[in-house]
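# below is the sequence, then the predicted model.
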Amino acid sequence: MISYLVRRLGQAVLLLLIVSMVGFAILYLAPGGPLSQFAAGTDMSQEDLDRIAEQLGLNRPLPVQYAEWLLRMLTGDWGRSYRDGEPVLYVIGSHLGATLQLMLTATLLAIMIGCWIGILGAIRRYSIFDTLATVGAMVALSIPTFWFGLVAIYVFSVELEWLPSGNRETVGDGSLLDLLRHLILPASVLALVETAIWSRFMRSSMLDVVNQDYIRTARAKGLPEWQVLAGHAMRNAALPMITVVGLQLPTLLGGALVTETVFTWPGMGRLFLDSISYRDYPVVMGILMFSATMVLVGSLLADMLYAVADPRIRLG
Amino acid sequence: MSAAAPAAAPTAGLRVLERFRRHRLAMFGAVTIATLTLACFLGPFLLPFDDTYIDIMQRFAAPFGGAHILGTDELGRDMLARILMGGRVSLLVGFVAMAIGMAVGILVGAVAGYYGGLVGTALMRFVDAVLCFPAIFLLLALAALVEPGLTSITLLIAATAWMDVARIVEGQIRSLRERDFAVAAEVLGATDRYIILRELVPNAVAPIVVAATLNVARAILLESYVSFLGYGIQPPVPSWGNMLNNAQIYLTSAPWLAILPGIAITLAVTSFNFLGDGLRDALDPRMDGR
């Protein structure tokens, strides 16, 4: 058990190192490289640029620069935003809450709805419900999230006027009801794809379990069907779902970016797009590295939690 | 000495075809894709309106109400013509990005799976690392660095869509190369290149074809995201994604501007996903006898 966790942790650290190299390579792909902030907009001469390059150590060999960059990243110095001079980590941190709120709500919605669809589909395999759920999930995975958001705004904000079309709260009204009213649409839009993913994973996990010997044993000893399903099947089928949290994190983060744009939600995705249009490279790079790290740590935690929860994994 | 691909024998091939024909969703997907492609590439020649023709007197004409069947946009351009022309771009980007991504993925996967060892591990860990970046974040960051255009956006989408193929091919090649026919070819003195391209990859064709189909769907979807956000295909060239770019402003007054291109995207992506799903079932020999 301990050796598995240590090995998994070691793999993650190695992967994080490769992720940082990919990130560093992208940073250097930028036209003008890290110097572009000084080259663009301001009227600096070549001598000035050379001097800054010297000061920043940009004329040294790449491996040295990478090592220094990595060291700065590890010590929390992710550079400063070009826009307001705030430290990148602070800027990300101030937008993270809104994104996490959106992602968590959407995930909870998706787990609640998706798992039930998956369980019912597996119990009544090839029924009309199961077929509809399968087709529905595939359509849901094919709908562009931003378009679904636009349609949702059109129906619920423009036509029905039930819910606000964007932002996190009405200015001057900080009540819980107001926050919830703003959260419903974007969270539901983001939850659509997630629900489809969860229902597919839950269905196949449930199908794996219902064919196991212990389910046959439970039935053979005369347990009522609902007890077999609720007590034996569902509990075991739900276990691998822990890893799904990690698996769908990239999709969830990407979906959050698009949803935030459509609903002017003040989160990390919006910040990312704003930073791109301002050519605020430190923040762009920071969010890129931050999201990759989040995905990596998320799947690491999910795997470890699964190993702790499922005694059969401990040998692996 | 070439080992036959599973689908090459006539009876096996016919069985695959028969299974595919029975898969109703896959048939729906195939027919829709064929229709969409034909309409986008031939349709504009038959329409009375050019997609770039601006008719300021006919701005915001509603669909199904006049000469413009699907209405007009904020400049009075015919929506149907724009959707068909946008479809050309979106479908083209989808297919070409898939082809490039597949080529890279197959190459990386085959090399990693065949040689294994340090090279294989390094390549596959690189794949893992790139997969840590959410595709849209990576795509937008790269798109912001280069001049936006048809070629650059196609290449960038391909750059974010080769990793899953590499994983699939790596696994396939790694297990296939231990099989008798591959060992026999090696003993007979075939070059690595020959064994990989003529013996191993053809035998992994089923999962590759499925991944290719699903990747077209993914590429079309990604193009629409980046273009919607303004970093993809640039106006006046229409694409399904960038047509939705301005649509949010006119949501109240002209909702069809937002609804129509989205239906086109959803239809195309769903069709490719159905097709890929059907191909997976049809090409899986274990489905025989059902």
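Nice, thanks for sending it over.
# pLDDT score assigned to the most centrally placed residue in chain B?
By CA atoms, centre = their mean, chain B has its centre lying nearest to residue B:216, at 0.8 Å. pLDDT, residue B:216: 94.
# cool, and the one 5 residues further on?
At residue B:221, the model reports a pLDDT of 93.
# what's the spatially closest residue to residue B:173 that is not a sequence neighbour in contact with, if anything?
Take residue B:173 and drop its neighbours on the chain: the residue closest to it by CB to CB, 6 or more residues apart in numbering or on different chains is residue B:113, 3.1 Å away. Placement of C-beta: from N, CA and C, glycine included. By CB atoms under 8 Å, 6 or more residues apart in numbering or on different chains, the contact set of residue B:113 is B:120, B:169-174, B:177, B:200.
# from those, which is closest to residue B:40?
residue B:169 (30.8 Å; CB to CB).
# ok, the residue lying closest to the closest one once chain neighbours are set aside - contacts?
Nearest non-adjacent residue to residue B:169, counting by CB to CB, 6+ apart: residue B:109, 2.9 Å away. If you count contacts by CB under 8 Å, 6+ apart, residue B:109 has them with B:165-173.
# where's residue B:109, which helix or strand?
helix B:79-115 (DSSP states H and E).
# can you pull the buried residues of that helix?
B:79-102, B:104-114 (16 or more other CB atoms under 10 Å in any protein chain shown).
# mind listing the helices for the stretch 151-290 of chain B?
Using DSSP state H, counting those that start in this stretch, the helices of the stretch 151-290 of chain B run over B:163-176, B:180-187, B:192-194, B:201-203, B:205-228, B:240-243, B:256-283.
# which of those helices sits most buried?
Burial of these is given as mean neighbour count (mean count of other CB atoms under 10 Å in any protein chain shown); helix B:240-243 ranks first at a mean of 29.
# which secondary structure elements does that helix sit against?
Applying 3 or more CB pairs under 8 Å, 6 or more residues apart in numbering or on different chains; DSSP states H and E, one finds that helix B:240-243 makes contact with helix B:79-115, helix B:205-228, helix B:256-283.
# follow-up on the earlier one: my read: the residue nearest to the centre of chain B touches residue B:272, true?
Yes - at 4.9 Å, residue B:216 and residue B:272 qualify as touching, with contact defined as CB atoms under 8 Å.
# could you tell me which residues touch both of these two?
residue B:94.
# can you find the helix or strand in the chain with the smallest mean pLDDT?
By default, I'm working from chain A. Scoring the helices and strands of chain A by mean pLDDT, DSSP states H and E places helix A:36-39 at the bottom, with a mean of 59.
# let's do chain B instead
When each helix and strand of chain B is scored by mean pLDDT, DSSP H and E, helix B:10-22 comes last, with a mean of 75.
# what angle do that one and helix B:205-228 make?
40 degrees (axes from the mean of the first three to the mean of the last three CA atoms, to 10 degrees).
# ok, helix B:10-22 near chain A or not?
No - in terms of CB under 8 Å from any CB of the partner chain, no part of helix B:10-22 sits within range of chain A; the closest distance is 14.3 Å.
# list the helices and strands that helix packs on?
Counting by 3+ CB pairs under 8 Å, 6+ apart, helix B:10-22 packs on helix B:24-46, helix B:256-283.
# and the first one, what other elements does it pack with?
In this case it means helix B:24-46. Helices and strands touching helix B:24-46, by 3+ CB pairs under 8 Å, 6+ apart, are helix B:10-22, helix B:79-115, helix B:256-283.
# next: the longest one.
Other helices and strands packing on helix B:256-283, by 3+ CB pairs under 8 Å, 6+ apart, are helix A:128-142, helix A:145-152, helix B:10-22, helix B:24-46, helix B:79-115, helix B:205-228, helix B:240-243.
# can you tell me which of the ones you listed has the worst average pLDDT?
Among the helices and strands packed on helix B:256-283, helix B:10-22 scores lowest, with a mean of 75.
# list the buried residues for that one?
B:15-16, B:19-20.
# that helix: how far from the chain's middle?
Computed by CA atoms, centre = their mean, to the nearest Å, the chain-centroid distance of helix B:10-22 equals 24 Å.
# kindly export stretch B:216-228 (C-alpha atoms) in PDB.
Extracted as PDB, the C-alpha positions of stretch B:216-228 are listed here (Å, rounded to 0.1, in the frame of the first residue of the first chain):
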ATOM      1  CA  VAL B 216     -12.900  14.500 -36.700                       C
ATOM      2  CA  ALA B 217     -15.800  15.200 -34.200                       C
ATOM      3  CA  ARG B 218     -13.300  16.500 -31.700                       C
ATOM      4  CA  ALA B 219     -11.500  18.700 -34.200                       C
ATOM      5  CA  ILE B 220     -14.800  20.300 -35.500                       C
ATOM      6  CA  LEU B 221     -15.800  21.000 -31.900                       C
ATOM      7  CA  LEU B 222     -12.400  22.500 -31.000                       C
ATOM      8  CA  GLU B 223     -12.400  24.700 -34.100                       C
ATOM      9  CA  SER B 224     -15.800  26.000 -33.100                       C
ATOM     10  CA  TYR B 225     -14.600  26.800 -29.600                       C
ATOM     11  CA  VAL B 226     -11.500  28.700 -30.700                       C
ATOM     12  CA  SER B 227     -13.300  30.500 -33.500                       C
ATOM     13  CA  PHE B 228     -16.200  31.400 -31.200                       C
END
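# which positions in the stretch 201-316 of chain A make contact with chain B?
Residues of the stretch 201-316 of chain A lying near chain B by CB under 8 Å from any CB: A:249-251, A:253-254, A:257-258, A:261-262, A:272-273, A:276-277, A:279, A:284-285, A:287-288, A:291-293, A:295-296.
# if any of the residues you listed are buried, put those into a PyMOL selection.
Filtering these down to the buried ones (16+ other CB under 10 Å) takes a single PyMOL command:
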select buried, chain A and resi 249+250+251+253+254+257+258+261+262+272+273+276+279+284+285+287+288+291+292+293+295+296
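# what about stretch A:90-100, average pLDDT?
92.
# other residues contacting it?
A:81, A:84, A:168, A:256, A:260, A:265-271, A:283, A:286-287, A:290.
# flag the least confident of those.
residue A:168 (77).
# how close does that one get to residue A:179?
For residue A:168, the distance to residue A:179 equals 7 Å [CB to CB, to the nearest Å].
# now residue A:237
34 Å.
# more crowded one of the two?
Taking other CB atoms under 10 Å in any protein chain shown, residue A:237 and residue A:179 do not tie; residue A:237 has more neighbours (25 against 14).
# and that one, what element?
Assigned by DSSP H and E, residue A:237 belongs to helix A:234-238.
# what residues of that helix count as buried?
Buried residues in helix A:234-238, counted by 16+ other CB under 10 Å: A:234, A:236-238.
# so which of these comes closest to chain B?
Using CB to the nearest CB, residue A:237 is the member of the buried residues of helix A:234-238 that lies nearest chain B, at 22.4 Å.
# and the closest one, what does it touch?
A:119, A:122, A:202, A:205-206, A:208-209.
# quick one: which of these is nearest chain B?
After measuring the contacts of residue A:237 against chain B - CB to the nearest CB - the closest member comes out as residue A:208, at 15.8 Å.
# now the closest one: how far from residue A:134?
Counting by CB to CB, the separation of residue A:208 from residue A:134 is 17 Å.
# who's more crowded, those two?
Between residue A:208 and residue A:134, counted using other CB under 10 Å, residue A:134 has the larger neighbour count: 19 against 14.
# nothing else from me, thank you.
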